[in-house]
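Colleague: predicted model follows, preceded by the sequence.
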Amino acid sequence: MKIRICFLLFSFLIANFIFAQEESSDTLLYSGQQKLSKKDYAGAISDFTRSIKADTINPRAFYKRGICLYETKEYTKALKDFKKADYLKPNLENTRIYTGLCYYKMKDYQKALAELDHVVTLNPENDIAWYDLGIVKYEMKEYDEALKDFFKTNELLETAEKNSYIGLCYFKKQKYKEAFPYFSAAIAIDTSDADFFYNRGLCSYEVKDYNKAFFDFTRAAKLDNSLYEAHYNKGLCLFMKANYIEAIKEFDETIKLNAKYHNGYVFKGACYFFQKKYAEAKKELNTGLALQPKSDEAYFYLAWIEHDNANYTASIPLFTKSIGYATKAETFYGRGLSYYKSADYQKGIEDFKNAIARNKTLAEYFTYLGACYYQIQNDEEALKNLNIAAGMDSTSSNTYYFRGLVKYQKGNDEEAIADFTRSLKLVPYHVTYYYRADSYKLLKKYTEAIADLTAAIDIDKNYEKAWQERGACKYYLLKHKEALADLNRAIELDPKDGKAFYYRGAVKLQLRDNTACADFKKAVLLGYAKAKEEVANNKCGG
């Protein structure tokens, strides 16, 4: 009888021990869950660890501890717990999703995809897995595939973040108009996230709606006062609208928030460049270069400063440096202009061709390609490119000016006059008046020529060629005294103009001025060959 009693008592004690052990494991699991819900991850990890010690085959304890480790960014440890939980109880809750997320955070995207694909294969209705697949594919730059996954989630998962990711996918695909409404949807759900406003602002900026972009960048900056990129992009919006003074203020704020952000200095320098404050521009651009020696934009604007100051030997290597870091159409165009101004037309042709290869939408590229061909007397190529430019932009005075020069060079004076007239309606340039006048002169329309030469002189009082040609036209109209006054002024401005001496000699001959021969001989000395005939005819002698 005693033996039986003792056995029963021992059995009772064992049962109580087992019950106490089970109660301890469950209690710790519950306690850990409470702490997890309050984001007390350290406390939760401690409880889940003790729960595991009490029951080493409890999959839920491993799973919950894995979540805590994931939230504290201990992804390697979290991964071990999720794998242990899945081993103990396959497909427990979101174990495989968290496993995929750990791989995602560790940038092992292929393994992340494998885990998440496993989940949606078992349950095609798992919205969370589809959503996470979309995020992974976004990071892999598979934007079309990411969009497919995001769109597979149902309306219950219509979060601000989901809309933001869809917007980002479209943005990366350069479909800015499609991206815009998704960022707006994200903002409608959550107005406190600066990134949503910032990204919507980027969409507006890319479609050149600078007012909308500025508004969104301003909202982003207010929501996150450390977001220097928002101030930088506000500056860019103002820069694109040529409001350089206000743009500088935004770039200053950018620099204040991040003194190492080189583009803040570069575009502040660009603002000074467009204000023709070249010393200030150089200072800012060089500061930007010190921070980022490979800044193509900094070299680009430094090159334009030298170009604007007619220092082409300096501008060309700076443009070349910029091209070395980014082969942009506008940089080839800038270098091409420097070559054109340096009379290196063949190199100019190559650069303008390179600019056109990268951007076929700007008429000025074709205009200056045509101008280079004009300078090397390739009239066919010149006209071809100038005609393209005129077809693209009917408001470019330079296009009509250069096309007029080609026709003038070919002896098509009526057509040249038509193009010079179009050019002058757009910009009253004294040189254009001069060439239209010369075309009139060749057609013996001296009165019209004189009117144009007078207009040229009104623009530039020291334009010697206009004085000389007006004097010649007045000579042909037998206005000898007026002609003499104009030719005297021409010679005063340029004592080496042989043509002016020739016509003055001709005028003096009509006025019976015995110094005519002296002018003819001077013209010969200065290389004006036509004067030799007058020297011989008038027996000017030695």
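Modeller: Looks like it came in fine.
Colleague: helices of the stretch 401-542 of the chain, start to end?
Modeller: 413-426, 430-442, 446-459, 464-476, 480-493, 498-510, 516-525, 531-537 (DSSP state H, counting those that start in this stretch).
Colleague: run the chain-centre distance for the fourth one.
Modeller: Taking C-alpha atoms, centre = their mean, to the nearest Å, one finds helix 464-476 lying 49 Å from the centre of the chain it belongs to.
Colleague: low-confidence stretches in the stretch 101-250 of the chain?
Modeller: For the stretch 101-250 of the chain, the stretches with pLDDT under 70 are 155-156.
Colleague: let's have the helices of the stretch 401-542 of the chain in CSV, adding mean pLDDT, distance to S315 and mean neighbour count.
Modeller: C-beta here means a position set from N, CA and C on the backbone, and glycine is covered the same way. Output for those, formatted as CSV (pLDDT from 0 to 100; distance: least, C-beta to C-beta, whole Å; neighbours: other C-beta atoms under 10 Å):
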stretch, mean pLDDT, distance to S315, mean neighbour count
helix 413-426, 98, 26, 19
helix 430-442, 98, 23, 23
helix 446-459, 98, 27, 20
helix 464-476, 98, 28, 24
helix 480-493, 98, 30, 19
helix 498-510, 96, 34, 24
helix 516-525, 94, 38, 20
helix 531-537, 90, 41, 15
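Colleague: in a markdown table: those helices, plus distance to K64.
Modeller: Formatted as a markdown table, those follow (distance: least, C-beta to C-beta, whole Å):
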| stretch | distance to K64 |
| --- | --- |
| helix 413-426 | 75 |
| helix 430-442 | 82 |
| helix 446-459 | 84 |
| helix 464-476 | 91 |
| helix 480-493 | 94 |
| helix 498-510 | 98 |
| helix 516-525 | 104 |
| helix 531-537 | 106 |
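Colleague: isn't G336 up against E364?
Modeller: No: with contact defined as C-beta atoms under 8 Å, G336 does not count as touching E364 (10.3 Å).
Colleague: so what touches stretch 521-532?
Modeller: With contact meaning C-beta atoms under 8 Å, 6 or more residues apart in numbering, stretch 521-532 is reached by K496, D497, G498, K499, F501, Y502, G505, F520, V535, C540.
Colleague: err, stretch 533-542, not the other one
Modeller: Against stretch 533-542 from outside (C-beta under 8 Å, 6+ apart): Y502, G505, A506, L509, A516, C517, F520, K521, V524.
Colleague: let's see that with 6 Å instead.
Modeller: C517, F520, K521 (C-beta atoms under 6 Å, 6 or more residues apart in numbering).
Colleague: and Y63, how far is that from A114?
Modeller: For Y63, the distance to A114 (C-beta to C-beta, to the nearest Å) stands at 19 Å.
Colleague: check the contacts of stretch 533-542 against A437 and report the nearest one.
Modeller: In terms of C-beta to C-beta, no member of the contacts of stretch 533-542 lies closer to A437 than F520, at 24.6 Å.
Colleague: more neighbours, G336 and E364?
Modeller: G336 (28 against 17; other C-beta atoms under 10 Å).
Colleague: CA atoms of stretch 498-515 as CSV?
Modeller: What follows is stretch 498-515, C-alpha atoms only, in CSV (Å, rounded to 0.1, in the frame of the first residue of the first chain):
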residue,chain,number,x,y,z
GLY,A,498,42.1,100.5,-99.4
LYS,A,499,38.5,100.5,-100.7
ALA,A,500,37.6,103.7,-98.8
PHE,A,501,40.7,105.4,-100.3
TYR,A,502,39.7,104.2,-103.8
TYR,A,503,36.1,105.6,-103.6
ARG,A,504,37.4,108.8,-102.0
GLY,A,505,39.8,109.2,-104.9
ALA,A,506,36.8,108.6,-107.3
VAL,A,507,34.8,111.3,-105.5
LYS,A,508,37.6,113.7,-105.5
LEU,A,509,38.1,113.1,-109.2
GLN,A,510,34.5,114.2,-109.8
LEU,A,511,35.0,117.2,-107.5
ARG,A,512,38.2,118.1,-109.5
ASP,A,513,40.3,117.7,-106.3
ASN,A,514,43.9,117.2,-107.4
THR,A,515,44.6,114.9,-104.4
